[in-house]
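Asker: Below is the structure, and that's it, no one-letter string:
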């Protein structure tokens, strides 16, 4: 059973490129898929029209399987009083760049659970693979996608979430360790997080569920892929490893930060978006020291403030307020075209496999 998903997708290297919303592009995803891995695009930060364009472009660039990732977060609860307090706290930082914070905040991204247009588009185009982050859609949606022949994956950060994924009839679990860059895929951000590492979580899910497991978090090279497979995973998911590729949408400042001191000090923060996410240490993550007991607004409402701050700071030449997501192994990133990186990962993985 575990290898059936890999066989079904026709992967020649057990590699999934993480669907980094805002960073992954159709060109990046296609390059990975064309080399035998599973390329991914993240559409959690766009609408059905934007997602359609990304899917169609990816499909035009590759005839192989690729993944479309969706955010299935709970509906954000507006809190005008709390949001005003958040903007007041950020006001001195905006003032540093001769700007004022927004008068009010918006829910800038719609959850897939609330997006009928996105579902209609996906059922029409039926991309080869769809993955879910932050939670799961309804059983009715899962059934409809399965009837269109879509392979489905979902992120789990705990055994509890993995069992929910298994019960929902999803095809594979992405075991996201605490080392991973970007947003934690926890279903309930208010619940305690055991912060399991990739090794512990992968092995736990391999032994305690019946689904194929894809290990994610801190994996940057072929040796890491081999280690994940030794734990019983059927593949490894790499995200930070692809940020420095020219096909990614990362800007020059993000790429430079990836090779700077902040890469050695990644940190989990909810200040940028309203949900816990691992980022390079920068000016934004440094605000943790001053936030006190103030809580950010719900995701993605807080992200509206974070993005506005990044825009005004960037206009003044300060790039340290960007959402520079990265995992704990960020210093191991290599700047090369995605196809060459996949080729290197394949050679490294095969070398490690040959010595076992």
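Answerer: It's in. Because the structure is predicted, anything quoted here is derived from the model rather than measured. Numbering: from 1, shown residues only.
Asker: and the residue of the chain most remote from its centre, helix, strand or coil?
Answerer: Note on the chain: the largest C-alpha distance from the chain mean falls to residue 98, namely 32.8 Å (CA atoms, centre = their mean). Three-state assignment for residue 98 (DSSP: H, G, I helix; E, B strand; the rest coil): coil.
Asker: wouldn't it be in contact with residue 316 here?
Answerer: Yes: counting by CB atoms under 8 Å, residue 98 does reach residue 316; the two are 7.4 Å apart. For glycine as for every other residue, the C-beta is placed from the backbone atoms N, C-alpha and C.
Asker: Chain neighbours aside, what residue packs nearest to residue 91?
Answerer: residue 101 (5.4 Å; CB to CB, 6 or more residues apart in numbering).
Asker: Which secondary structure state does the one you found sit in?
Answerer: Classification of residue 101 by three-state DSSP places it in coil.
Asker: Make sure residue 83 is actually in contact with residue 104.
Answerer: Yes: Residue 83 is within contact range of residue 104, at 7.0 Å (criterion: CB under 8 Å).
Asker: Between those two, point out the one with more neighbours.
Answerer: residue 83 (21 against 12; other CB atoms under 10 Å).
Asker: show me where pLDDT drops low in this structure?
Answerer: 1-4, 354-356 (pLDDT under 70).
Asker: Could you break it into its assigned domains?
Answerer: By the assignment in automatic domain parsing, the chain contains the domains 1-75+111-250+333-356, 77-108+260-332.
Asker: Could you single out the most deeply buried of the ones you listed?
Answerer: Neighbour counts (mean count of other CB atoms under 10 Å) averaged over each of these peak at domain 1-75+111-250+333-356, with a mean of 20.
Asker: so how far is that domain from its chain's centroid?
Answerer: 8 Å (CA atoms, centre = their mean, to the nearest Å).
Asker: Which parts of the protein are strands?
Answerer: 15-17, 39-42, 66-71, 129-133, 151-156, 172-176, 182-183, 213-216, 235-238, 267-269, 277-279 (DSSP state E).
Asker: okay, those in CSV with distance to residue 93 next?
Answerer: Below are the strands of the chain laid out as CSV (distance: least, CB to CB, whole Å):
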stretch, distance to residue 93
strand 15-17, 34
strand 39-42, 28
strand 66-71, 27
strand 129-133, 29
strand 151-156, 31
strand 172-176, 30
strand 182-183, 22
strand 213-216, 32
strand 235-238, 33
strand 267-269, 15
strand 277-279, 16
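Asker: so which of the ones you listed comes closest to residue 27?
Answerer: Residue 27 lies closest, by CB to CB, to one member of the strands of the chain: strand 39-42, at 9.4 Å.
Asker: contacting residues around that closest one?
Answerer: 16-26, 28-33, 54-55, 58, 62, 66-69, 129, 131 (CB atoms under 8 Å, 6 or more residues apart in numbering).
Asker: at 6 Å instead, please
Answerer: With CB atoms under 6 Å, 6 or more residues apart in numbering as the test, strand 39-42 has contacts from 17, 19-21, 24, 29-30, 32-33, 54, 58, 66-69.
Asker: wait, residue 247 sits on residue 26?
Answerer: No: counting by CB atoms under 6 Å, residue 247 stays clear of residue 26, with 8.9 Å between them.
Asker: re the thing from before, pull the contacting residues for the residue nearest to residue 91.
Answerer: With CB under 6 Å, 6+ apart, residue 101 has these contacts: 87, 90-91, 94.
Asker: Swap in 8 Å and give it another go.
Answerer: 87, 90-91, 94, 305, 308-309.
Asker: now stretch 319-337: how far from the chain's centre is it?
Answerer: Worked out by CA atoms, centre = their mean, stretch 319-337 lies 13 Å from the chain centre.
Asker: what about it, how long is it end to end?
Answerer: Start-to-end span of stretch 319-337 (CA to CA, to the nearest Å) is 24 Å.
Asker: just how off-centre is stretch 248-257 within its chain?
Answerer: With CA atoms, centre = their mean, you get 16 Å for stretch 248-257.
Asker: Pull out the buried positions in that stretch.
Answerer: By 16 or more other CB atoms under 10 Å, the buried positions in stretch 248-257 come out as 248, 250, 253-255, 257.
Asker: How far does that stretch stretch from one end to the other?
Answerer: With CA to CA as the measure, stretch 248-257 spans 15 Å from end to end.
Asker: what comes into contact with that stretch?
Answerer: Counting by CB under 8 Å, 6+ apart, 20, 22-25, 28, 242-244, 258, 263, 280, 282, 314, 319-320, 322, 324, 335 sit against stretch 248-257.
Asker: redo that, cut-off 7 Å
Answerer: Stretch 248-257 is contacted from outside by 22-25, 28, 242-244, 280, 282, 319, 322, 324, using CB atoms under 7 Å, 6 or more residues apart in numbering.
Asker: These into a markdown table, with extra columns for distance to residue 177?
Answerer: Formatted as a markdown table, the contacts of stretch 248-257 follow (distance: CB to CB, whole Å):
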| residue | distance to residue 177 |
| --- | --- |
| 22 | 22 |
| 23 | 19 |
| 24 | 20 |
| 25 | 25 |
| 28 | 23 |
| 242 | 18 |
| 243 | 18 |
| 244 | 21 |
| 280 | 18 |
| 282 | 22 |
| 319 | 28 |
| 322 | 24 |
| 324 | 20 |
